[in-house]
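**Q** predicted coordinates and the sequence they were generated for:
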Amino acid sequence: MRTFFLLICALAIASCSAHCSRNNRNYKAGQNQAQVQFRAAWRYANYDCDKLDKTYRQVLRASPSRPMCLKEGFDDKVQQLYKKEDKKCNKITCEDKGVKRADDMWMLNRKTIGKKCSQLDKVFEKTNAAAPTKPKCEVTAYNNRVEELYTREMDKCVDVCVGNGEDTGERIGRQFCSIAQLSLYAVNADGITVEICDAQEKQACLDEYENYVEDKCSSLLKGNQQFYNDLKATCDITFTSGTGPF
């Protein structure tokens with residue numbers, strides 16, 4: 001009977017002690033210990049989300065056994081830190097999932113639709129149509145990634161178009177100067193990507209043509225203005241619908 005009574009008392013004391021005040025000195029000490037140990041272990045794991053559960057279990061096994069308030073403070077803090085990092089990891093995983101899904105879909109559509117600049121808008125539309133509907137973090141990450149990929153490809157296309165325009169401008173500038181010199185002796189709705197490239201290519205061609213003639217043979221303009229203007233029309237012929245990157 002005495003043994004039973006002592007057991008009941010012990011359980012009662014343990015039960016009462018299991019809810020320590022947060023202001024308790026030992027409880028605070030336990031929390032401080034847990035914070036130091038968890039952060040050290042998490043840093044050692046290189047903040048790898050795949051190792052978070054293992055880190056949590058390892059730190060929890062290092063929990064002090066007594067006094068009770070020290071243990072309770074330690075365990076509570078470990079739980080708190082684990083939940084905080086778990087929330088971060090889930091968020092990162094969700095966003096990474098959206099980015100990877102966008103990358104995979106973009107590459108698939110580039111492969112099936114084509115890699116020409118004139119096909120870029122169709123790739124963008126089809127990839128957008130395949131966006132996930134939930135969860136929100138994955139949807140946002142997917143849409144942002146698709147926009148980033150589209151912008152990057154668009155910039156590449158425009159760079160190529162500007163280069164083509166400059167080459168054409170220099171070629172016809174050289175043609176004007178050489179032929180004008182000899183004469184002294186003897187004269188689309190294909191999509192937004194294509195439209196932008198055409199405009200960029202044409203303007204680069206005009207700029208390069210005018211600069212070349214001005215720099216190399218401006219004196220020949222007098223008396224050859226019609227020929228100069230006729231050659232300038234070459235800049236209207238972009239290669240977006242013919243050869244080149246399109």
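**A** Perfect, I can see it now.
**Q** every contact and neighbour count from this point should use C-alpha atoms.
**A** Will do.
**Q** any idea which helix or strand carries Glu138?
**A** helix 136-183 (DSSP states H and E).
**Q** I meant to write Ala40 there.
**A** Per DSSP H and E: helix 25-44 holds Ala40.
**Q** and Pro67, what does it touch?
**A** Asn26 (Cα atoms under 8 Å, 6 or more residues apart in numbering).
**Q** quick one: pLDDT of it?
**A** At Pro67, the model reports a pLDDT of 85.
**Q** okay, it and Val59: tell me how far apart.
**A** 18 Å (Cα to Cα, to the nearest Å).
**Q** then Thr234?
**A** 74 Å.
**Q** how about Tyr44?
**A** Counting by Cα to Cα - Tyr44 and Val59 are separated by 12 Å.
**Q** which of these two has more neighbours?
**A** Val59 (20 against 11; other Cα atoms under 10 Å).
**Q** how near is the more buried one to Phe38?
**A** Val59 is 6 Å from Phe38, by Cα to Cα.
**Q** before we move on, what about Asn144?
**A** Relative to Phe38, and taking Cα to Cα, Asn144 is found at 34 Å.
**Q** what separates the residue nearest to Leu221 when sequence neighbours are not counted from Asn211, distance-wise?
**A** Distances taken as Cα to Cα, 6 or more residues apart in numbering place Tyr228 nearest to Leu221, at 7.2 Å, with adjacent residues excluded. Computed as Cα to Cα, the Tyr228 to Asn211 distance reads 13 Å.
**Q** when these two are compared, which one has more neighbours?
**A** More crowded of Tyr228 and Asn211, by other Cα under 10 Å: Tyr228, with 22 against 15.
**Q** is the more buried one in a helix, a strand, or coil?
**A** helix (DSSP: H, G, I helix; E, B strand; the rest coil).
**Q** any stretches of the protein with poor pLDDT?
**A** Filtered on pLDDT under 70, the chain yields the residue ranges 1-19, 158-200, 237-246.
**Q** domain-wise, how is it divided?
**A** For the chain, the structural domains run 17-95, 114-246, going by automatic domain parsing.
**Q** mind checking the SS state of the nearest residue in space to Cys49 that is not next to it in sequence?
**A** Nearest residue to Cys49, sequence neighbours excluded (Cα to Cα, 6+ apart): Cys89, at 5.7 Å. Here Cys89 is recorded as helix under three-state DSSP.
**Q** verify the stated contact: Cys89 with Lys51.
**A** No - counting by Cα atoms under 8 Å, Cys89 stays clear of Lys51, with 10.6 Å between them.
**Q** which one of these two is surrounded by more residues?
**A** Shown here are Cys89 and Lys51; by other Cα under 10 Å, Cys89 has more neighbours (17 against 12).
**Q** okay, the more buried one and Pro132: tell me how far apart.
**A** 20 Å.
**Q** now do Asp236
**A** 42 Å.
**Q** between Val59 and Phe38, which contacts overlap?
**A** Val78.
**Q** residue contacts, Gln31?
**A** Leu70, Gly73, Phe74, Asp75, Asp76, Lys77, Val78.
**Q** now it: how far from Asp53?
**A** Gln31 is 19 Å from Asp53, by Cα to Cα.
**Q** for Glu125, same thing?
**A** 40 Å.
**Q** what does Glu138 give?
**A** If you go by Cα to Cα, the gap between Glu138 and Asp53 works out to 23 Å.
**Q** compare those two (neighbour count), which wins?
**A** For the pair Glu138 and Asp53, the greater number of neighbours falls to Glu138 (25 against 11), based on other Cα under 10 Å.
**Q** skipping adjacent residues, who's closest to the spatially most central residue of the chain in space?
**A** Taking Cα atoms, centre = their mean as the criterion, Arg145 is the residue nearest the geometric centre of the chain, at 5.1 Å. Nearest residue to Arg145, sequence neighbours excluded (Cα to Cα, 6+ apart): Val99, at 5.8 Å.
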